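Trainee: Here is a sequence with its predicted model. Questions after.
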Amino acid sequence: MLSPFLSSGLLLAVAFLFTRAELSAQAVAPSPSPVIGAVTPSNTDSTALSKLSALGKEPDWKKLEVFAETMTKTEFEAAWSEIYSEANAMPPPFQIRDTAISIPTGQAKESTATVPFLATGEKSKNTFKASWRRAHDLPAQGKRPPLSDLVIAIDPGHIGGAYATMEERMLSFKAGESIREGDLSLLTAKILKERLMALGAVATLVRETAEPVTKKRPEDLQTEALAVLTEAGFPKPAPTYAGLTGDAKLLTVQWQSEKLFYRVSEIHARAERVNQQIKPDLVLCLHFNAEAWGDATAPQFSPKNHLHILVNGCYAPVELQQQDVRFQMLQRLLSRTHEEEIPLATAIAATMSQTTGLPAYVYTTPNARHAGKNPYVYARNLLANRLYECPVVYLEPFVMNHEETYRRLLCEHFLGLTLIGGKLTTSAIEDYINGIVKGLLAYYQTNRPS
Ligand SMILES: [Zn+2]
């Protein structure tokens with residue numbers, strides 16, 4: 001949905017970073033003709049390539065040295081063209097040469113990073129070891145429960161509670177009743193954790209309450225919010241959105257600082273917890289989807305109800321101009337995260353489509369592309385699945401403002417059947433959990449040493 005107010009390219013850039021991606025599919029101008037594996041950088045302007053994402057930090061490009069001669073050119077090009085680039089990609093802002101990739105770092109000192117390819121037919125002498133383990137690297141199961149040894153971080157999407165309204169994740173069709181995505185994801189996560197632990201996994205919640213993980217609050221991020229708006233061409237924005245409606249709210253320091261708080265700073269804090277403390281083999285990001293519901297004070301039901309599962313990929317050229325994003329994409333690609341992430345997502349898609357009975361969501365925008373052969377699995381560049389340094393399966397089942405789904409979610413979690421709207425119905429949350437558990441069991445029982 002592209003509002004006429006967002007027609008300016010600069011404003012679109014602001015919206016690109018900070019609008020509600022899950023509710024408002026971004027309409028972006030169609031990409032020009034496909035150029036895959038091209039060697040000409042799309043942008044050699046070093047200033048453009050030195051940008052950072054919101055609250056991003058300068059990467060240490062030396063960290064890519066561990067990937068020297070670990071991947072062939074053919075492997076790199078396949079991963080780039082099939083997963084990490086947009087489906088009709090512009091040339092990447094790095095050069096794929098015969099013997100190496102050359103990447104503009106965007107930094108004054110050492111302006112180019114080079115990662116040599118492994119020669120075809122050679123065996124890599126480099127011993128890069130990721131912090132996470134593939135199913136086939138886990139110890140043998142033996143007579144133990146099937147998920148023994150597996151370290152899983154469960155990330156309940158959003159914050160919920162008192163923050164749900166600010167997050168635009170609170171939905172109510174009648175006074176006295178409401179659902180909040182952050183509360184539903186936490187409830188789902190807590191039950192899922194118990195089930196996974198009963199199967200032997202070491203499961204940890206990334207967030208355990210309806211409170212932010214980040215210590216920052218919107219008022220701490222006003223300078224950064226003003227910088228975002230200034231860079232987008234709005235140096236004198238209104239401080240608050242009181243009295244403003246619609247897209248005019250986007251151009252205020254308050255709106256941008258809130259977005260930076262709950263969408264960016266919060267995910268950075270969770271990434272710190274995932275990467276430094278939990279160090280899991282897998283992260284499950286739990287969400288509930290929605291279709292546009294209009295004015296939050298008078299929301300609309302949608303006839304649509306669907307499921308999709310996201311893996312990391314589909315980077316837009318404009319995103320890869322940011323040096324931290326460029327670095328993180330290459331770090332994921334070169335550490336072969338997709339080789340575990342896509343089969344895992346595919347296994348969960350197979351079982352979750354059965355337990356929920358939902359059809360596959362179909363993207364009509366270029367910010368997502370299919371990954372692998374399952375129609376439910378898409379690649380998309382999200383902050384969480386980019387920053388968590390391990391396979392991430394990001395789940396988007398159910399449309400919260402689908403009428404039957406809304407009523408099922410009002411009933412939260414229950415076992416068996418309950419009469420909802422005159423029909424005996426299962427718990428949507430139980431179907432969600434069952435889909436994940438069955439998919440993980442299928443994947444690890446097939447792929448870990450017996
Ligand atoms: Zn969500």
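Mentor: Everything's here; your move.

Trainee: close enough to count as contact, Ala346 and Pro375?
Mentor: Actually, residue 346 is Thr rather than Ala. No - applying CB atoms under 8 Å, one finds Thr346 not in contact with Pro375, separated by 10.4 Å. In this view, the C-beta of every residue, glycine as well, is placed from N, C-alpha and C.

Trainee: neighbour-wise, which of these two wins?
Mentor: Thr346 (20 against 14; other CB atoms under 10 Å).

Trainee: Which pLDDT value goes with whichever residue of the stretch 151-300 of the chain sits closest to the ion?
Mentor: Relative to the ion, the nearest point of the stretch 151-300 of the chain is His287 (3.4 Å; CB to the ion). Looking at His287, its pLDDT is 98.

Trainee: For the nearest residue to it once chain neighbours are set aside, list the residues it contacts.
Mentor: Of all residues not flanking His287 in the chain, Gly157 sits nearest, at 3.9 Å (CB to CB, 6 or more residues apart in numbering). Going by CB atoms under 8 Å, 6 or more residues apart in numbering, Gly157 touches Glu181, Gly182, Ser185, Cys285, Leu286, His287, Phe288.

Trainee: got it, and Ser178?
Mentor: Met170, Leu171, Ser172.

Trainee: Pop out the phi and psi values for the first one.
Mentor: Main-chain dihedrals, Met170, degrees, to the nearest 10: phi -120, psi 130.

Trainee: Now for it: which residues touch it?
Mentor: Neighbours of Met170 in contact, by CB under 8 Å, 6+ apart: Ala164, Ser178, Ile179, Arg180, Ala296.

Trainee: what's the next secondary structure element after the lowest-mean-pLDDT helix or strand in the chain?
Mentor: Every helix and strand of the chain was ranked by mean pLDDT, DSSP states H and E. The lowest is helix 9-18, at a mean of 43. Sequence-wise, the next helix or strand downstream of helix 9-18 (DSSP states H and E) is helix 73-79.

Trainee: Not counting its neighbours along the chain, what's nearest Glu412?
Mentor: Leu187 (6.2 Å).

Trainee: can you check Arg133 too?
Mentor: Asp281 (5.0 Å).

Trainee: Now the strand or helix carrying Ala225: buried residues?
Mentor: If you go by DSSP H and E, Ala225 is part of helix 222-231. By 16 or more other CB atoms under 10 Å, the buried positions in helix 222-231 come out as Glu224, Ala225, Leu226, Val228, Leu229.

Trainee: For the residues you listed, give me a markdown table that also has pLDDT and distance to the ion.
Mentor: Below are those laid out as a markdown table (pLDDT from 0 to 100; distance: CB to the ion, whole Å):
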| residue | pLDDT | distance to the ion |
| --- | --- | --- |
| Glu224 | 96 | 23 |
| Ala225 | 97 | 22 |
| Leu226 | 96 | 27 |
| Val228 | 92 | 22 |
| Leu229 | 95 | 25 |
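
Trainee: Show me where the stretch 51-200 of the chain has its helices.
Mentor: With DSSP state H, counting those that start in this stretch as the criterion, the stretch 51-200 of the chain has helices at 73-79, 181-198.

Trainee: what about stretch 272-292, distance to the chain center?
Mentor: Computed by CA atoms, centre = their mean, to the nearest Å, the chain-centroid distance of stretch 272-292 equals 8 Å.

Trainee: distance between the ends of it?
Mentor: 32 Å (CA to CA, to the nearest Å).

Trainee: And stretch 121-137, by the same measure?
Mentor: 23 Å.

Trainee: Can you mark which positions in it are buried?
Mentor: For stretch 121-137, by 16+ other CB under 10 Å, it's Ala130, Trp132, Arg133, Arg134, Ala135.

Trainee: for stretch 204-223, same thing?
Mentor: Thr204, Leu205, Val206, Arg207, Ala210, Pro212, Val213, Thr214, Lys216, Pro218, Leu221.

Trainee: Same check on stretch 358-367?
Mentor: Leu358, Ala360, Tyr361, Pro366, Asn367.

Trainee: Surely the last one forms part of a strand?
Mentor: No - the assignment for Asn367 is coil, going by DSSP: H, G, I helix; E, B strand; the rest coil, so no strand is present there.

Trainee: how much space between it and Asn381?
Mentor: 8 Å (CB to CB, to the nearest Å).

Trainee: Was I right to think Phe234 contacts Val253?
Mentor: No - the pair Phe234 / Val253 is not scored as a contact, 10.0 Å apart, by CB under 8 Å.

Trainee: Touching, the residue nearest to Arg133 and Val392? I think so.
Mentor: No - counting by CB under 8 Å, Asp281 does not reach Val392; the two are 11.2 Å apart.

Trainee: Look at these two and report which has more neighbours.
Mentor: Neighbour totals were compared for Asp281 and Val392, and Val392 leads with 27 against 24 (other CB under 10 Å).

Trainee: Now that one. Nearest residue, chain neighbours left out?
Mentor: Per CB to CB, 6+ apart, closest to Val392 is Asn385, 4.2 Å.

Trainee: other SSEs contacting the helix or strand hosting the one you found?
Mentor: Taking DSSP H and E as the definition, Asn385 sits inside helix 383-387. Under the contact definition 3 or more CB pairs under 8 Å, 6 or more residues apart in numbering; DSSP states H and E, helix 383-387 sits against helix 266-272, strand 282-286, helix 323-334, strand 392-397.
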